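Undergrad: show me the folded form of this:
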Amino acid sequence: METLPIPLETGFIFILILAIIWFLDGLGVIAWIAVIIVFLMVCKSWEINKDFQYEHSGLGPVHGWEYLKRNIWRAQWRRYFWECLKKDLLIRFIAFVVFWFILEFVRRLYEPFLIISKNILWRFPLSILSYYPWALFQQVILNGYFTNRISKFVTSPIKVSLIAGIIFAIVHWPNPVLVPVTFVGGMMSAYFFQRSKNVYTLALLHVFLAVYLLYFFPDAWHRHLTIGPGFDRWEPRN
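TA: Predicted coordinates for the structure are as follows:
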């Protein structure tokens, strides 16, 4: 079966994601079905070569997903996972700390006396655990799909990271906190993904930043991290 050219396919997936956010907002089950369809389309476009690197194979049926399922617990796959995990780990951590300090500086500059929830000691780690699957899903879409596709027709890693950051920020429109944060975070994430091809630690850093924004930035700023048309409909909780 003839497949779509990479730029056309990538644009199609991006428009579909925006349609889910803007036109299926509030439709519950229908929106989740659409999200699952997007994820399956992404998985179907993956193929793994002998070095366990993701390769583009179009939207048609390929062997990549089945190959991934068959080899997920093999020693070779686990060894590849740990090699990716260790690669650039220190520089990723430093970049995360610098980004976090910038956010904390902004928060203290404008809201130095913000009162944090009394239950923060147990709500914070619980939120990290519960949010991780969703953060991993976002990293798979952003990097496993978009960054990989963009790198096929843009040779510069910096330009690839910039485009990925713009895409990630647009998806979080019109939230005035998340748009700039996801632009910078998306660029950093795409840059490190191109070096290590690992989304697991990127998702973990994603979780810490998202939960930090949720509990340490005023809800009035980011409206409980709401995006899309729900941002204008958001009302403070009693």
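Undergrad: so, low pLDDT: which residues of this structure?
TA: For the chain, the stretches flagged by pLDDT under 70 are 1-6, 26-27, 43-87, 111-118, 237-238.
Undergrad: element containing the closest residue to residue 168 other than its chain neighbours?
TA: Leaving aside its chain neighbours, residue 168 sits nearest to residue 186 (3.1 Å; criterion: CB to CB, 6 or more residues apart in numbering). Every residue, glycine included, has its C-beta placed from N, CA and C. Using DSSP states H and E, residue 186 falls within helix 178-196.
Undergrad: residues of that helix that come out buried?
TA: For helix 178-196, the neighbour count (16 or more other CB atoms under 10 Å) marks 178-179, 181-183, 185-194, 196 as buried.
Undergrad: among the residues you listed, which pair sits farthest apart?
TA: 179 and 196 (26.2 Å; CB to CB).
Undergrad: residues contacting whichever helix or strand comes after the helix holding residue 186, please?
TA: Remark: after helix 178-196, the chain's next helix or strand is helix 200-216, criterion DSSP H and E. Applying CB atoms under 8 Å, 6 or more residues apart in numbering, the contact partners of helix 200-216 are 81, 84-85, 89, 92, 96, 99-100, 103-104, 107, 114, 116-117, 120, 123-124, 127-128, 131-132, 135-136, 138-139, 143, 177-178, 181, 185, 189, 192-193, 222, 224-225.
Undergrad: helix 200-216 and the top helix by length along the chain, what's the angle between them?
TA: For the chain, the longest helix by residue count, based on DSSP state H, is helix 89-110. Computed by axes from the mean of the first three to the mean of the last three CA atoms, to 10 degrees, the angle separating helix 89-110 from helix 200-216 equals 10 degrees.
Undergrad: mind listing what residue 199 touches?
TA: 136, 139, 140, 143, 144, 193.
Undergrad: can you map out the strands along this structure?
TA: Assigned by DSSP state E, the chain shows strands spanning 46-48, 54-56.
Undergrad: with adjacent residues omitted, what lies nearest to residue 172?
TA: residue 178 (4.1 Å).
Undergrad: before we move on, what about residue 169?
TA: residue 183 (3.8 Å).
Undergrad: tell me how far that neighbour lies from residue 177.
TA: The gap separating residue 183 from residue 177 is 11 Å, by CB to CB, to the nearest Å.
Undergrad: I'd like the distance between residue 226 and residue 139.
TA: Taken as CB to CB, the span from residue 226 to residue 139 is 20 Å.
Undergrad: cool, residue 14 as well?
TA: Counting by CB to CB, the gap from residue 14 to residue 139 is 16 Å.
Undergrad: more neighbours, the two?
TA: More neighbours surround residue 139 than the other of residue 14 and residue 139, with 25 against 17 (other CB atoms under 10 Å).
Undergrad: that's all I had, so thanks and see you.
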